[in-house]
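*Asks:* coords below, sequence missing:
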C-alpha cells in the first residue's frame, strides 16, 4: 500500500466532515502504513477462507479495499473478487491489477450492492469511521443485504480493550525521510490519532478517528440489524477471543 501520486487540492489546515475521504486519498497515508505485515495478512486470509470453506470461484467482496493488495491475494487463492473503496485514487491504482476475476470500484460501504456475495471481508479496522453512529448500523445492514443466501461476512476490528491498555500517547515514526509525529487518545467514545508532518516545505495535519466499538457494541448493532453472529476470534490464527488480551476482534456473521 504507488506513493507516486501527489495529493490534489489538499488544505492541510482545513478540517473535513469525513476525515477519511481526504487522508486516505493522499500518498502520505500509504507511506506511513507501508510497513504493515503482508505475511500476517495473508496468513489470516488463508485461515479465514479455509474456515469458511468457500467454494472455488466463490464471489468475494473486499469492502474498504484500499489499493487492493488483499483483493489481489484473495483472487490468487482462486476467488472471483470485487474490491470496493471510497478513495478514487486508491481504486484507480488498484485497477491496474484488474483481470477477468478481479475488479475494483468506488463505493460507499453504507450502500448495499446489487450483486450478492458468498463472502464479504471488511479487514484491518476499516469500520467505525463515520461521524454519525447510525452510519455504522447502516453499514452492517448493507453488508447483510449484499450476502448471498449461504454467504458469510467477516469484520476484522481492533480489540478496543487491548488497544486502550497498550496505547502509546505520543511517538515519531520516520518513513521515507518524513517524520510523522503521532498523538493517540480516547475522546467521546472514539480513538483519535493526530498526525503531523512536513514534506517539501509544507506542513500537514490529519486526524484519524475510529469509534471505540466493543464486542458488546457490535452485538447490540447486529441484533438491531437482524444479523446472526456465528463466531468470534481474537487473532489472525483464529484463536479464541479474550476481552482484555486478544489482539483483534474478528466477527463472523450472516
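*Replies:* Structure received. Just so it is clear, the structure is predicted and the values come from calculations on it, not from any experiment.
*Asks:* Residue 116 versus residue 182, what's the distance?
*Replies:* 40 Å (CB to CB, to the nearest Å). Glycine gets a C-beta too; all of them are placed from N, C-alpha and C.
*Asks:* got it, and residue 244?
*Replies:* According to CB to CB, residue 244 stands 38 Å off from residue 116.
*Asks:* Looking at the two, which one has more neighbours?
*Replies:* The residue with more neighbours, out of residue 244 and residue 116, is residue 116; 16 against 8, by other CB atoms under 10 Å.
*Asks:* wait, doesn't that one sit right on residue 144?
*Replies:* No - counting by CB atoms under 8 Å, residue 144 is not a contact partner of residue 116; they are 10.9 Å apart.
*Asks:* what's residue 44 in contact with, if anything?
*Replies:* Applying CB atoms under 8 Å, 6 or more residues apart in numbering to residue 44 gives the contacts 123, 156, 236.
*Asks:* can I assume it sits in a helix?
*Replies:* Yes - checked against DSSP: H, G, I helix; E, B strand; the rest coil, residue 44 lies within a helix.
*Asks:* which stretches of the stretch 151-254 of the chain aren't confidently modelled?
*Replies:* Judged against pLDDT under 70, the stretch 151-254 of the chain has no low-scoring part.
*Asks:* give me every residue that touches the most far-flung residue of the chain relative to its centre.
*Replies:* For the chain, the largest distance from the centre (CA atoms, centre = their mean) belongs to residue 201, which lies 30.9 Å off. The contact partners of residue 201, by CB under 8 Å, 6+ apart, come to none.
*Asks:* This protein: strands as residue ranges?
*Replies:* 59-63, 80-85, 102-106, 117-122, 147-158, 170-175, 178-187, 190-199, 202-211, 229-233, 248-253 (DSSP state E).
*Asks:* Of those strands, which is nearest residue 25?
*Replies:* strand 80-85 (10.0 Å; CB to CB).
*Asks:* Provide the strand pairings for the closest one, with the direction of each partner.
*Replies:* strand 59-63 (parallel), strand 102-106 (parallel) (DSSP bridges).
*Asks:* Average pLDDT for the last one, rounded please.
*Replies:* This points to strand 102-106. Confidence over strand 102-106 (mean pLDDT, whole number) is 98.
*Asks:* Can you list the neighbours in contact with that strand?
*Replies:* 65, 68, 71-72, 75, 80-88, 91, 94-95, 98.
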